[in-house]
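J.: missing the sequence, but the structure's below:
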Ligand code: NAP
Ligand code: HSE
């Protein structure tokens with residue numbers, strides 16, 4: 001591999017392959033997007049290789065034979081690859097909804113070459129440099145599997161060909177691993193549906209995998225992986241275990257615990273409704289208590305015919321001590337006392353409520369520690385942008401000097417609307433309608449929401465507890481017409497920027513300001529509800545960005561916390577998360593977007 005290519009490779013790169021067994025219907029793209037999100041939030045860049053929706057390739061062959069009758073394999077290959085092209089676009093749409101920065105590429109945009117029989121070809125090359133360059137602005141590249149560009153047009157790779165695409169990508173891009181996501185949690189010695197004695201394997205070698213996997217993994221892909229020393233993982237969506245296929249001795253693995261976790265969701269607004277939708281999309285894993293709201297009838301009418309039920313009685317929602325309580329009500333009155341009591345009663349707490357976390361982080365952490373339970377609040381800062389996870393990673397390996405960012409999606413949205421000529425009141429109303437704004441939007445406009453987030457960041461970056469009301473804030477309302485006109489005339493861009501720094505003596509300073517940024521500034525280009533962060537270390541600055549508010553990005557972060565707790569249970573350890581599957585030993589190349 002040429003040196004310049006090696007330099008471009010993100011520090012941790014994984015290839016995830018989603019086959020038709022996990023892409024059975026359009027709703028499944030949201031589940032797949034979540035699986036991708038959990039890898040990116042752990043610091044990996046992802047190449048997602050997708051198959052067609054289940055049944056689509058057969059249907060295309062069928063219609064091809066009907067229309068064409070004895071038509072050429074070359075034309076048939078051109079037709080049947082359409083299932084994968086459509087699937088890649090659907091995956092891109094699901095990722096975009098969740099605010100995960102991504103790019104969808106077709107084979108001709110990646111220089112993905114193939115050769116051989118039109119319906120049973122092999123891949124022969126990839127323009128790796130071109131593919132990797134997309135990671136400068138995206139965390140995920142989505143690629144259709146199953147076909148490549150032959151000399152005389154597109155050719156397909158045979159049944160199960162998407163496995164081969166994934167293995168070849170891992171090889172050519174120098175990925176750390178390739179994970180084939182199936183509807184079973186690994187390779188078994190026999191079909192577990194037919195033989196209850198079948199044993200799940202933790203690892204096995206290539207030749208044995210080719211024998212026992214019986215089509216679970218395409219044989220051509222296994223042998224190609226063997227030839228190029230690519231380790232294949234076979235896993236189910238969201239599971240803590242995988243089977244590794246490599247140059248390894250066979251080893252049987254544990255059978256994951258089963259059983260559903262009882263989850264109580266408090267609140268069914270912009271965030272809570274998104275979280276419920278994720279929970280309902282995993283029916284075998286969670287048992288949902290009645291959702292706590294103020295007006296149960298309104299919500300029951302709105303959701304219509306689903307299995308969700310609603311209550312306005314906290315005792316109903318929290319009956320029998322749920323395993324996990326998810327707080328998405330907001331406010332610092334009832335939500336604050338309840339957050340403490342549910343931990344005291346022995347539930348794990350997943351909260352989106354930055355105001356409560358900012359006020360009580362030490363108290364809540366202490367309660368969780370005393371009870372052997374987890375306190376999670378990824379969504380409280382950055383919406384779907386995993387900024388707290390990034391800061392934790394960086395702070396564990398280096399000294400964080402400062403964090404600055406646009407961390408209120410509503411203000412960013414409002415500034416965009418004002419630039420486009422909207423009135424302030426209309427811009428605020430639109431942010432409320434879209435589910436970005438707080439229940440009281442003056443919290444956003446006056447900088448108090450950003451101050452809450454900054455207080456949490458200070459705790460993670462510097463280990464210092466700072467009360468949010470000690471953070472000075474400039475309000476968007478403080479802008480006068482003269483300043484707005486002057487900034488517009490100079491071609492600068494208004495942003496609400498929250499910033500915290502630590503001096504060598506350990507003195508922390510934090511403030512929220514309205515700043516006029518040069519358009520070339522790394523935070524100036526954020527649009528709509530975008531959030532962006534610059535984390536400065538002694539020798540470099542890491543930048544991340546994404547959607548910082550709204551139902552789906554926020555629900556992604558909340559649900560990732562829930563799934564982490566669920567994986568800990570499945571792995572037999574309810575108190576802590578399982579050991580990260582891919583712990584990062586270095587962090588140099590995990591930055592997203594521009595590096596200042
Ligand atoms: P929301 O749309 O106003 O929804 C709040 C929900 O909580 C509603 O269903 C409401 O019930 C229920 N609720 C509120 N107070 C209650 C009480 N005392 N008793 C019972 N139910 C109550 O709020 P949201 O935008 O989803 O935000 C929720 C939390 O997530 C807030 O802490 C917010 O800061 C945080 N957050 C929001 C976003 C975002 O983009 N929206 C992003 C990150 C974090 P009714 O509908 O019956 O009134
Ligand atoms: N109101 C908040 C915002 C929600 O606009 O950023 C996300 O925390």
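T.: Looks like it arrived, so ask away. The shown structure was predicted, so the numbers you read here are calculated from the model rather than taken from an experiment. Ligands and ions are numbered 1, 2, ... in the order given.

J.: Now do the closest residue to residue 170 other than its chain neighbours against residue 165, distance only.
T.: Leaving aside its chain neighbours, residue 170 sits nearest to residue 178 (3.8 Å; criterion: Cβ to Cβ, 6 or more residues apart in numbering). C-beta here means a position set from N, CA and C on the backbone, and glycine is covered the same way. In this view, residue 178 and residue 165 are 10 Å apart by Cβ to Cβ, to the nearest Å.

J.: How about residue 445?
T.: Counting by Cβ to Cβ, the gap from residue 445 to residue 165 is 48 Å.

J.: what pLDDT does the closest residue to ligand 1 within the chain get?
T.: At 1.8 Å from ligand 1, residue 269 is the closest residue in the chain, using Cβ to the nearest ligand atom. Note on residue 269: pLDDT of 98.

J.: Validate this expectation: residue 181 resides in a strand.
T.: Yes: under DSSP: H, G, I helix; E, B strand; the rest coil, residue 181 sits within a strand.

J.: So what does residue 160 have for phi and psi?
T.: Here is the backbone geometry of residue 160 (degrees, to the nearest 10): phi 70, psi 20.

J.: Tell me the residues of this structure that contact ligand 1?
T.: Selection of the chain residues close to ligand 1 by Cβ under 6 Å from any ligand atom yields 267-272, 292-295, 328-331, 334, 352-354, 379, 383, 435-436, 438-439, 549-550, 554.

J.: quick one: low-confidence ranges for the stretch 1-150 of the chain?
T.: By pLDDT under 70, the low-scoring segments of the stretch 1-150 of the chain are 1-10.

J.: Excluding sequence neighbours, find me the nearest residue to the residue of it found nearest ligand 2.
T.: Nearest residue of the stretch 1-150 of the chain to ligand 2: residue 99, at 11.3 Å (Cβ to the nearest ligand atom). The shortest distance from residue 99 to any non-neighbouring residue, by Cβ to Cβ, 6+ apart, is to residue 547 (2.6 Å).

J.: Now do the same contact list for that neighbour.
T.: Contacts for residue 547 were tallied using Cβ atoms under 8 Å, 6 or more residues apart in numbering; they are 98, 99, 383, 384, 385, 409, 528, 529, 530, 531, 553.

J.: Partner strands of the helix or strand harbouring the residue nearest to residue 170, with direction?
T.: Element membership for residue 178 (DSSP states H and E) is strand 177-182. Here strand 177-182 is paired, per DSSP bridges, with strand 13-18 (parallel), strand 232-236 (parallel).

J.: after that strand, next one along is what?
T.: Per DSSP H and E, the helix or strand that comes after strand 177-182 is strand 201-205.

J.: buried stuff in the strand or helix carrying residue 124?
T.: If you go by DSSP H and E, residue 124 is part of strand 120-125. Judged by neighbour count (16 or more other Cβ atoms under 10 Å), strand 120-125 contains these buried residues: 121, 122, 123.

J.: and what of stretch 265-273?
T.: 265, 266, 267, 268, 270, 271, 272, 273.

J.: Closest to residue 543 out of the residues you listed?
T.: residue 271 (25.5 Å; Cβ to Cβ).

J.: show me the contacts for the nearest residue to that closest one once chain neighbours are set aside.
T.: Leaving aside its chain neighbours, residue 271 sits nearest to residue 328 (4.3 Å; criterion: Cβ to Cβ, 6+ apart). Listed by Cβ under 8 Å, 6+ apart, the contact set of residue 328 reads 265, 266, 267, 268, 269, 271, 272, 275, 351, 352, 353, 558.

J.: wait, what's in contact with the fifth one?
T.: Contact criterion Cβ under 8 Å, 6+ apart gives 328, 329, 330, 435 as the residues in contact with residue 269.

J.: same thing but 6 Å
T.: With Cβ atoms under 6 Å, 6 or more residues apart in numbering as the criterion, no residue contacts residue 269.

J.: what about it, distance to residue 303?
T.: 13 Å.

J.: so which of the contacts of residue 328 would you say is closest to residue 244?
T.: Looking across the contacts of residue 328 and measuring by Cβ to Cβ, the closest to residue 244 is residue 558, at 30.5 Å.

J.: Let me know whether that closest one touches residue 275 as I believe.
T.: Yes: counting by Cβ atoms under 6 Å, residue 275 is a contact partner of residue 558 at 5.0 Å.

J.: Need the pLDDT of residue 527.
T.: Value listed for residue 527 in the pLDDT field: 96.

J.: how about it, secondary structure?
T.: Under three-state DSSP, residue 527 comes out as coil.

J.: returning to what we had before: pLDDT at the residue nearest to residue 170, what is it?
T.: 95.

J.: Can you tell me which residues in the stretch 351-500 of the chain are near ligand 2?
T.: 383, 408, 409, 410, 436, 437, 438, 444, 449.

J.: Over to the chain?
T.: Counting by Cβ under 6 Å from any ligand atom, the chain sits next to ligand 2 at 383, 408, 409, 410, 436, 437, 438, 444, 449, 548, 549.

J.: Let me see the contact set for the fifth one.
T.: Applying Cβ under 6 Å, 6+ apart, one finds that residue 436 lies in contact with 409, 410, 413, 529, 549, 550.

J.: Now with 10 Å, please.
T.: 270, 383, 408-414, 428, 430, 444, 528-529, 547-551, 554 (Cβ atoms under 10 Å, 6 or more residues apart in numbering).

J.: Of those residues, grab the buried ones for PyMOL.
T.: To isolate the buried members of the contacts of residue 436 in PyMOL, using 16+ other Cβ under 10 Å:
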select buried, resi 270+383+408+409+410+411+412+413+414+428+430+444+528+529+547+548+549+550+551+554
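
J.: Which of the contacts of residue 436 fall within strands?
T.: residue 547 (DSSP state E).

J.: partner residues bridging residue 517?
T.: residue 493.

J.: from what I can see it touches residue 492, true?
T.: Yes: between residue 517 and residue 492 there is a contact under Cβ atoms under 10 Å: 6.2 Å.

J.: residues shared between the contacts of the two?
T.: Joint contacts of residue 517 and residue 492 (Cβ under 10 Å, 6+ apart) are residue 524.

J.: Switch the residues of the stretch 351-500 of the chain next to ligand 2 over to JSON lines; also include pLDDT.
T.: Output for these, formatted as JSON lines (pLDDT from 0 to 100):
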{"residue": "383", "pLDDT": "96"}
{"residue": "408", "pLDDT": "98"}
{"residue": "409", "pLDDT": "98"}
{"residue": "410", "pLDDT": "98"}
{"residue": "436", "pLDDT": "98"}
{"residue": "437", "pLDDT": "98"}
{"residue": "438", "pLDDT": "97"}
{"residue": "444", "pLDDT": "98"}
{"residue": "449", "pLDDT": "98"}
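
J.: for the residues you listed, which one is nearest residue 338?
T.: When those are ranked by distance to residue 338 (Cβ to Cβ), residue 438 comes first, at 18.3 Å.

J.: Just say helix, strand or coil for that closest one.
T.: coil.

J.: quick one: it from residue 255, how far?
T.: 45 Å.

J.: what number of residues lie near residue 540?
T.: If you count neighbours by other Cβ atoms under 10 Å, residue 540 ends up with 14.

J.: swap in residue 102?
T.: There are 24 residues near residue 102, going by other Cβ under 10 Å.

J.: What are the contacting residues of stretch 63-74?
T.: With Cβ under 10 Å, 6+ apart as the criterion, stretch 63-74 contacts 75-80, 117-120, 150, 152-156.

J.: Out of those, which end up buried?
T.: 76, 77, 78, 79, 80, 118, 119, 150, 154, 155, 156.

J.: Just give me the longest helix of this structure.
T.: If you go by DSSP state H, the chain has its longest helix at helix 551-570.
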